[in-house]
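> here is a sequence with its predicted model. Questions after.
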Amino acid sequence: KAGVTQTPRYLIKTRGQQVTLSCSPISGHRSVSWYQQTPGQGLQFLFEYFSETQRNKGNFPGRFSGRQFSNSRSEMNVSTLELGDSALYLCASGHYPETQYFGPGTRLLVL
Amino acid sequence: KNEVEQSPQNLTAQEGEFITINCSYSVGISALHWLQQHPGGGIVSLFMLSSGKKKHGRLIATINIQEKHSSLHITASHPRDSAVYICAVPPSRGSQGNLIFGKGTKLSVKP
């Protein structure tokens, strides 16, 4: 079974731009969660989707949004990028609170 | 809000040594997760446990629900065990999110 895939793996943007990241879960998994990891704050939960519905949301501003498609693939979008949005963005599939399977992450650098 | 504390922050060991990483949390939980993150960024879920002890190869995880404390042990450590180990717990009831993460313990095993 293929693992969780994320695209792109690396991304450089400038302040004010927007970015869309993609996550394809393990086949058969209907839940996708997104996390942000920074050196200062560590890992933080962004949101979780299940069957195209946002089931849970972390404490992030509205510039961070996401969606899930009928094939369980998920995208997250960050608008009006700030320098502090530079981070590793990880998605994971698997039904919380059971074991989650993480993707390799997208490393975003905002200049 | 559930607070998660890990110790030590950094750990250097010689190959073959027995390793212990500790995790304490402030609010009662249903289950605790141990994750491993290698330098490339990928995260692997090692254990999810709600009571007692679990063992997988050279890794052993224990949890004491009454004391709100968990430990991750590595027996006969090897350089390939070098990674950041992160514990994670659910947020307290009524809080948003699905997991609260510790800051991680960076383990370096020298040959």
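Thanks, I have it. Bear in mind that the values here come from a model prediction, so they are computed numbers and not experimental data.

> C-alpha from now on. contacts and neighbour counts both.
Noted.

> chain A against chain B: which residues are in contact?
Within chain A, the positions adjacent to chain B are A:41-48, A:56-59, A:88, A:96-105 by CA under 8 Å from any CA of the partner chain.

> 6 Å instead?
Selection of chain A residues close to chain B by CA under 6 Å from any CA of the partner chain yields A:42, A:56-58, A:102, A:104.

> okay, who's weakest in the residues you listed by pLDDT?
Within the residues of chain A next to chain B, pLDDT reaches its minimum at A:N56, with 87.

> phi, psi of it?
Backbone torsions for A:N56, taken as degrees, to the nearest 10, come to phi -160, psi 150.

> how far off centre is stretch A:17-27?
Relative to its parent chain, stretch A:17-27 has a centroid offset of 6 Å by CA atoms, centre = their mean, to the nearest Å.

> scratch that, stretch A:14-31 is what I was asking about
5 Å.

> and the helices in chain B?
Applying DSSP state H to chain B gives no helices.

> for it, which spans come out with low pLDDT?
Counting by pLDDT under 70, chain B contains low-confidence ranges at B:1, B:92-97.

> work out which residue lies at the spatial centre of chain A.
A:W34 (3.6 Å; CA atoms, centre = their mean).

> burial of the nearest residue to that residue once chain neighbours are set aside, as a residue count?
Nearest non-adjacent residue to A:W34, counting by CA to CA, 6 or more residues apart in numbering or on different chains: A:C91, 4.4 Å away. A total of 32 residues lie near A:C91 under the criterion other CA atoms under 10 Å in any protein chain shown.

> next one: the one 3 residues further on
By the other CA under 10 Å criterion, the neighbourhood of A:G94 contains 20 residues.

> ok, it - contacts?
Residues near A:G94 by CA atoms under 6 Å, 6 or more residues apart in numbering or on different chains: A:29, A:31, A:100.

> mind doing that once more with 10 Å?
Each residue near A:G94 by CA atoms under 10 Å, 6 or more residues apart in numbering or on different chains is listed here: A:4, A:25-26, A:28-33, A:50, A:100-102.
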